[in-house]
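Visitor: Attaching a predicted model along with its sequence, questions to come.
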Amino acid sequence: MSTSTADASRTGRASHAPQASGHTSSSALRRLWAQPAARVALVVLALVAVLAVFGGALAPHDPLVQYTDQVLQGPSREHLLGTDYVGRDVLSRLMAGTRLSVVGAAEAVLIGAALGVPTGLVSAWMGPRLEWLTLRISDTLVILPFTVFAIAVAGTLGNGLQQAMIAIGVLLSPLFFRVTRAATLGLRKAQYVEAAELMGASQWWTLRRHIWSKVLPNVAVTSAHATGAALLVVASLSFLGLGVTPPAPTWGGMLSSDLGYLSQQTWAPIFPGVLMMLTVGSLNLLADAIRDASGEARRSRRGRRPAPTDEGTTRA
C-alpha cells in the first residue's frame with residue numbers, strides 16, 4: 001500500500017511539473033516587465049533593433065556618399081552630427097552601421113548557443129569518457145583569446161564578417177556549455193525527473209518536458225551577457241580592420257577613423273562610443289533583470305509548495 005501511494009504521489013508531481021513550469025514562465029515574464037531597469041533596457045534595445053533593421057532606409061543621407069566640400073564639419077542643420085574626414089554624414093553612418101555590428105554579434109551568439117547548449121544538456125547523461133572529453137574541449141577553448149583567435153581564423157579562411165563571427169561563436173560556446181551543464185546537473189536529481197525516469201520516460205522526453213524550461217532562464221541570461229561581449233569583440237575587430245572592410249560603416253570602424261582626427265573633431269568618437277555603451281549596458285541590465293525575475297519565480301514556487309500532511313503519513 002505504501003509503495004503504490006508513493007508511486008502515485010511521484011507520478012502526480014511529474015505530471016503537474018509542465019503546468020507549473022508554464023505558470024512559472026508567465027510569472028517570471030510579469031516580474032521581468034515589472035522591473036524599471038528591464039523596461040528601460042528593453043526600450044533601448046528595441047530602438048537599436050529598429051536601427052539594425054531599418055537604419056539604412058531611415059538614414060538622412062547615403063552613408064557612403066562623400067561631400068568633399070564639407071569635410072570634418074561640426075553638427076549643423078544639414079548634418080546633425082557633422083561629417084567625417086572624407087565628408088560622409090556621421091549620423092547616417094551610425095544608423096547604417098548598426099546593422100552590421102548587431103547582426104555580427106547576434107550571429108556569434110547564435111553559433112555559440114547552437115554549439116554549447118545541446119552539448120551541455122546531453123553531457124549530463126553521457127558516460128564518464130565522453131563527459132571527460134567534452135570538459136577538456138571546453139577548457140581548451142576557454143583559454144583562447146578572442147581577438148588573437150579571430151585574427152588567426154581570418155588569416156586562414158580570409159578576412160570577412162562570417163569567418164570572424166564563426167571564430168567568436170566557437171569561443172563563446174564553452175560559456176553556454178558550462179552554464180547549461182551546471183543547471184542540468186542540478187535538475188537531474190529532482191524528484192519529478194526521477195519519477196519520470198522510473199515511469200519509463202526516455203531521456204529526450206525528460207529533457208524536453210522537465211529540464212529545458214528550467215534551464216532556459218540561465219540560457220537567456222548568458223545570451224544577453226554574451227551578446228554584449230560579442231558587440232565589443234566585433235567593434236574591436238572592426239577597429240583593427242578585420243571582419244567588415246571599409247568603406248562599409250560599423251561602430252568600431254568609425255571609432256578607428258575618428259581617432260586620426262581628434263585635433264579637428266575632439267567629439268567625434270563620442271557618438272559611436274555612446275551608442276555602444278548604451279547597447280552593451282542595456283544588455284547587461286536585461287541579463288540582471290532576467291536573473292532576478294527567474295530567481296523570484298523559483299523562490300515564490302518554493303514558498304507555495306504545500307507541506308506534507310499527517311493524513312498522507314497515516315495512509316503511507
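Guide: Yep, that arrived.

Visitor: any idea how far residue 238 is from residue 287?
Guide: For residue 238, the distance to residue 287 equals 24 Å [Cβ to Cβ, to the nearest Å]. Just so you know, the C-beta spots here come from the backbone N, C-alpha and C atoms, and that holds for glycine as well.

Visitor: and what of residue 183?
Guide: Counting by Cβ to Cβ, the gap from residue 183 to residue 287 is 15 Å.

Visitor: Please apply the same query to residue 223.
Guide: Separation of residue 223 from residue 287 (Cβ to Cβ): 8 Å.

Visitor: Looking only at neighbour counts, state which of these two leads.
Guide: residue 223 (25 against 21; other Cβ atoms under 10 Å).

Visitor: which SS class is that one?
Guide: Assigned with DSSP: H, G, I helix; E, B strand; the rest coil, residue 223 falls in the helix class.

Visitor: Leaving out sequence neighbours, find the closest residue to it.
Guide: Nearest non-adjacent residue to residue 223, counting by Cβ to Cβ, 6 or more residues apart in numbering: residue 109, 5.8 Å away.

Visitor: Buried residues, the helix or strand that neighbour falls within. List them.
Guide: Per DSSP states H and E: residue 109 is located in helix 90-123. By neighbour count on 16 or more other Cβ atoms under 10 Å, the buried set for helix 90-123 is 90-102, 104-113, 115-117, 119-123.

Visitor: what helices or strands is it leaning on?
Guide: With contacts defined as 3 or more Cβ pairs under 8 Å, 6 or more residues apart in numbering; DSSP states H and E, the packing partners of helix 90-123 are helix 36-58, helix 128-142, helix 161-188, helix 212-239, helix 251-258, helix 270-304.

Visitor: Relative to residue 150, which of the ones you listed is closest?
Guide: Nearest to residue 150, of all the helices and strands packed on helix 90-123, is helix 161-188, at 4.4 Å by Cβ to Cβ.

Visitor: now the following helix or strand past the closest one, how far from the centre of its chain.
Guide: Tracing the chain past helix 161-188, the next element assigned as helix or strand by DSSP H and E is helix 191-198. In terms of Cα atoms, centre = their mean, to the nearest Å, the centre of helix 191-198 is found 31 Å from the chain centre.

Visitor: Tell me what angle helix 191-198 forms with helix 212-239.
Guide: Counting by axes from the mean of the first three to the mean of the last three Cα atoms, to 10 degrees, helix 191-198 lies at 110 degrees to helix 212-239.

Visitor: avg pLDDT for helix 191-198?
Guide: Computed over helix 191-198, the mean pLDDT rounds to 75.

Visitor: Can you spell out which helices and strands pack onto the next helix or strand after that helix?
Guide: Downstream of helix 191-198, the first helix or strand assigned by DSSP H and E is helix 203-206. The contact analysis (3+ Cβ pairs under 8 Å, 6+ apart) places helix 203-206 against helix 191-198.

Visitor: What residues sit buried inside the helix it packs on?
Guide: Applying a neighbour-count criterion of 16+ other Cβ under 10 Å, one finds 192, 193, 195, 196, 197 buried in helix 191-198.

Visitor: Please tabulate those in TSV, including the columns distance to residue 47.
Guide: Shown next, in TSV, are the buried residues of helix 191-198 (distance: Cβ to Cβ, whole Å):
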residue	distance to residue 47
192	41
193	41
195	47
196	44
197	47
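
Visitor: Closest one of those to residue 170?
Guide: Looking across the buried residues of helix 191-198 and measuring by Cβ to Cβ, the closest to residue 170 is residue 193, at 31.0 Å.

Visitor: Pretty sure that closest one sits against residue 212.
Guide: No. At 11.8 Å, residue 193 does not count as touching residue 212 under the criterion of Cβ atoms under 8 Å.

Visitor: where does this protein dip in pLDDT?
Guide: Confidence mapping of the chain against pLDDT under 70 gives the ranges 1-26, 28, 127, 295-316.

Visitor: roughly how far apart are the residue nearest the centre of it and residue 264?
Guide: Taking Cα atoms, centre = their mean, the centroid of the chain lies closest to residue 223, which sits 2.0 Å from it. Computed as Cβ to Cβ, the residue 223 to residue 264 distance reads 40 Å.
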